[in-house]
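Peer 1: Model the following, please.
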Amino acid sequence: MRTSELMVSCALALVMTTTGALAQERGGSLTFARYDGSRLIDPIYADRNPDIWMVTSLFDTLLVTSDDGQSIEPGLAESYDVSDDGLTLSLTLREGVSFSDGSPMSGDDVVFSLERARNPDLSPWSGLLSSVQSVAADGNVITITLSQPDPTIVSILATFNTAIVSKSAFDMAEGDTDQAKSEALFHQTGAGVGSGPFYLSGFSQGGSMEFTANPHYWREGADGQPLPYLDTVAFEVIPDDATRILKLQSGEVDAAEFIPFSRVAELEADTGINMELFPSTRIIYSPINTRETRADGSDNPLADSRVRQALNYATDKQALIQLVLQGNGAPMSSPLMASTTLLASDMSPLFGYDPEMARQLLAEAGFENSTEITFTILAGSADDSTTFAALQQMWAQVGINLVVEQVDAPTRGEMNRSGNFDIHTYGWVNDVNDPSQVVGWLGYYPTANAVGTGWDNAEFNTLFEQANQEMDQDKRREMYAEMQQIYADAAPLLLMWETPFAVALSSEVNGFVQTPLGNNDFDETWLER
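Peer 2: Numbering: from 1, shown residues only. Have a look, this model is predicted:
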């Protein structure tokens, strides 16, 4: 490129950058249609996605996960350092951070928040901080001492349950217990308890909700002024998919979540709507009972890994994705996690469609032709019903007689815990930007019997335990790669697909992001008028 061309190029880039910086408009209210309402948005008590995915709008964490989920960035802490022995984590707090009522955040608030988060009598998520021995503050320096090296701790400090809350707000709240004080604060719906971009200004448990911009927020927007750009975000709970979409199309709401994949193409063609498919950590799979006997004491044909592999080879995943997702998904490329998860191995094609290989494996395993296998699905789920009908036809071609059993969600959960099933539908979304959570759930036997499958592999369990203390990221990656290979060979799951988060937005909405963990990010959302 000649010098003159370079100068012109740089000038154009500067104009574009300047224009972009001035493009965001401030003010206004966005109405967001949800499929379900929040019950309580306290960082340590939130245990449902409708609660968890709202936490980061009200509370900031010491560190934050990048929008693509691939890195950890500074948050309320401007920097951090891990000691060489992996037993001490030091963080330097950002200067000038205030809670939404204008009161300054201090190290005492951090100590209070992390002690709440790691208290097993309070939080269902306390286990994420089980390696923490103590938390101390000296001015703006926070020191976290660990009982053992923990490579996940940095990711945990970017996770919703470790968000920082105001100690004084909790101390002054009504109630004799932490739970009572928390509930009182959320029904108070006023500024004060959080340091996020918004504060909760309206709340009806399980119903409507409103966020108002935090006038003291520390982060700046592209225009050099404090975020957020919006004045308010109003949430309306509309469980029915069709109604959410209808209200978006009529202009009654500005955004709608969990758009059925059957409607994606239609909304993509609508010039007044931006149909977004955000990368996610959501995977759909089916646990397979690997125990030697079924719950009734009879021999379990699925106990043989060759049979489980055969089921995977006999499944045309691309066809299922077309049928169920209208093409809006991809086959799982790792047997243990979504491709967006850190340390995920790309093993694609993972059990590509191969009926002949399925027949060969079944023959080697001595599987009798037309043996009956029960596939348990959720009653009323159109996706589950479609999946069953397709699998029944696919598997019949290799000699499997698949029959259906329909149950409600609580019954399915109990069947999973008791091992009283052959195969059943399930799904997962990461809460933590680290593979230890999903791998611990799906594969590590002591957590939940390897997602209820009963699969118990000593080598896998040992690798998982070692990986959770390995501070060398290259060695840790090797351990996770080995675990994924072991799991693929054992095939305790019918591996199906990963799906994006489908959110439809009015064409006037800009800057909204749903992260791979599912968090709704309104920090830099703005309305174009």
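Peer 1: who's in contact with the closest residue to V233 other than its chain neighbours?
Peer 2: Leaving out its chain neighbours, the residue that sits closest to V233 by C-beta to C-beta, 6 or more residues apart in numbering is F211, at 4.4 Å. C-betas here are computed from N, CA, C, even on glycine. Applying C-beta atoms under 8 Å, 6 or more residues apart in numbering, we find F211 in contact with 57-58, 198-201, 232-235, 522.
Peer 1: any idea which of those is closest to T341?
Peer 2: Among the contacts of F211, S57 lies closest to T341 (C-beta to C-beta), at 23.3 Å.
Peer 1: which stretch of helix or strand covers the closest one?
Peer 2: According to DSSP states H and E, S57 maps onto helix 49-58.
Peer 1: before we move on, the earlier item: could the contacts of F211 be laid out in a markdown table, adding neighbour count?
Peer 2: Shown next, in a markdown table, are the contacts of F211 (neighbours: other C-beta atoms under 10 Å):
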| residue | neighbour count |
| --- | --- |
| S57 | 23 |
| L58 | 23 |
| F198 | 27 |
| Y199 | 26 |
| L200 | 26 |
| S201 | 17 |
| T232 | 17 |
| V233 | 26 |
| A234 | 18 |
| F235 | 25 |
| F522 | 25 |
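Peer 1: Quick check: what element follows the helix holding S57 along the chain?
Peer 2: strand 63-65.
Peer 1: Tell me which strands that next one pairs with, and in which orientation.
Peer 2: strand 72-74 (antiparallel) (DSSP bridges).
Peer 1: Can you give the distance of whichever helix or strand comes after the strand it pairs with from its chain's centre?
Peer 2: Going down the chain from strand 72-74, the next helix or strand is strand 77-82, by DSSP H and E. How far strand 77-82 lies from its chain's middle: 24 Å, per C-alpha atoms, centre = their mean, to the nearest Å.
Peer 1: With stretch 348-363 instead?
Peer 2: How far stretch 348-363 lies from its chain's middle: 31 Å, per C-alpha atoms, centre = their mean.
Peer 1: Would you mind pulling the contact partners of it?
Peer 2: 306-307, 309-319, 331-335, 394, 397-400, 488, 491, 495.
Peer 1: can we see that at 7 Å?
Peer 2: 306-307, 309-310, 312-317, 331-333, 335, 397-399, 488, 495 (C-beta atoms under 7 Å, 6 or more residues apart in numbering).
Peer 1: for stretch 215-227, same thing?
Peer 2: 20-22, 24, 94, 96-98, 100, 102, 197, 228-229, 523-524.
Peer 1: Might you report the residue contacts of F160?
Peer 2: 43, 46, 52, 55-56.
Peer 1: burial count for the nearest residue to L62 once chain neighbours are set aside?
Peer 2: Nearest residue to L62 in three dimensions, chain neighbours excluded: A77, at 4.2 Å (C-beta to C-beta, 6+ apart). By the measure other C-beta atoms under 10 Å, the count of residues near A77 is 25.
Peer 1: now do L157
Peer 2: Neighbourhood size, L157 [other C-beta under 10 Å]: 26.
Peer 1: what's near enough to touch it?
Peer 2: With C-beta under 7 Å, 6+ apart, L157 has these contacts: 61-63.
Peer 1: now swap in N300 and tell me
Peer 2: N300 neighbours (C-beta under 7 Å, 6+ apart): 289, 291-294.
Peer 1: now the closest residue to it other than its chain neighbours: how far from G440?
Peer 2: Setting aside the residues directly before and after it, N300 is nearest to R294 in space (C-beta to C-beta, 6+ apart), at 4.9 Å. Separation of R294 from G440 (C-beta to C-beta, to the nearest Å): 26 Å.
Peer 1: what do you get for R94?
Peer 2: Relative to G440, R94 is positioned 32 Å away (C-beta to C-beta).
Peer 1: Out of the two, name the residue with the larger neighbour count.
Peer 2: For R94 versus G440, neighbours defined as other C-beta under 10 Å are more numerous around G440 (21 against 18).
Peer 1: doesn't the more buried one fall inside a strand?
Peer 2: No. Counting by DSSP: H, G, I helix; E, B strand; the rest coil, one finds G440 to be helix, located in no strand.
Peer 1: Helix, strand or coil: sort out the nearest residue to it once chain neighbours are set aside for me.
Peer 2: Of all residues not flanking G440 in the chain, T447 sits nearest, at 4.7 Å (C-beta to C-beta, 6+ apart). Following three-state DSSP, T447 is assigned to helix.
Peer 1: ok, now R282?
Peer 2: Classification of R282 by three-state DSSP places it in strand.
Peer 1: Let me know how buried it is, in neighbour terms.
Peer 2: 20.
Peer 1: Equivalent analysis for V55, please.
Peer 2: V55: 25 neighbours (other C-beta under 10 Å).
Peer 1: Which helix or strand contains L505?
Peer 2: strand 493-506.
Peer 1: To clarify, my last question referred to P410.
Peer 2: Taking DSSP H and E as the criterion, P410 maps to helix 409-418.
Peer 1: Just give the closest residue to S113, not the sequence neighbours.
Peer 2: Per C-beta to C-beta, 6+ apart, closest to S113 is I164, 4.6 Å.
Peer 1: sorry, that was for S29
Peer 2: S29's closest residue in space is T232 (C-beta to C-beta, 6+ apart), at 4.3 Å.
Peer 1: I'd say that neighbour and E210 touch.
Peer 2: Yes. In this structure, T232 is within contact of E210 by C-beta atoms under 7 Å, at 6.0 Å.
Peer 1: Surely the residue nearest to G440 and V439 touch.
Peer 2: No. With contacts counted by C-beta under 7 Å, T447 stays clear of V439, the gap being 9.3 Å.
Peer 1: roughly how far out does stretch 308-319 sit from the chain middle?
Peer 2: 26 Å.
Peer 1: List of residues touching that stretch?
Peer 2: Residues contacting stretch 308-319 (C-beta under 7 Å, 6+ apart): 288, 302, 331, 351, 353-355, 357-358, 361-362, 390-391, 394-395, 398, 491-492, 494-497.
Peer 1: Which of those residues fall within helices?
Peer 2: Residues of those located in helices (DSSP state H): 355, 357-358, 361-362, 390-391, 394-395.
Peer 1: Now flag whichever of these is closest to A504.
Peer 2: Checking those one by one against A504 (C-beta to C-beta), the nearest turns out to be A390, at 26.8 Å.
Peer 1: which residues does that closest one contact?
Peer 2: For A390, counting by C-beta under 7 Å, 6+ apart, the contacting residues are 319-320, 323.
Peer 1: Of the residues you listed, just the buried ones, ChimeraX syntax please.
Peer 2: In ChimeraX syntax, the buried subset of those is picked out as below (16 or more other C-beta atoms under 10 Å):
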select :320
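Peer 1: ok, the residue nearest to P228 when sequence neighbours are not counted - contacts?
Peer 2: Nearest-residue entry for P228: P197, 4.4 Å, with adjacent residues in sequence omitted and distances by C-beta to C-beta, 6+ apart. Listed by C-beta under 7 Å, 6+ apart, the contact set of P197 reads 57, 214, 217, 227-228, 523.
Peer 1: and P197, how far is that from G127?
Peer 2: 29 Å.
Peer 1: Check whether D121 sits in a helix, strand or coil.
Peer 2: D121, by the three-state scheme (three-state DSSP), is coil.
Peer 1: That one: neighbour count?
Peer 2: So D121, with other C-beta under 10 Å, has 6 neighbours.
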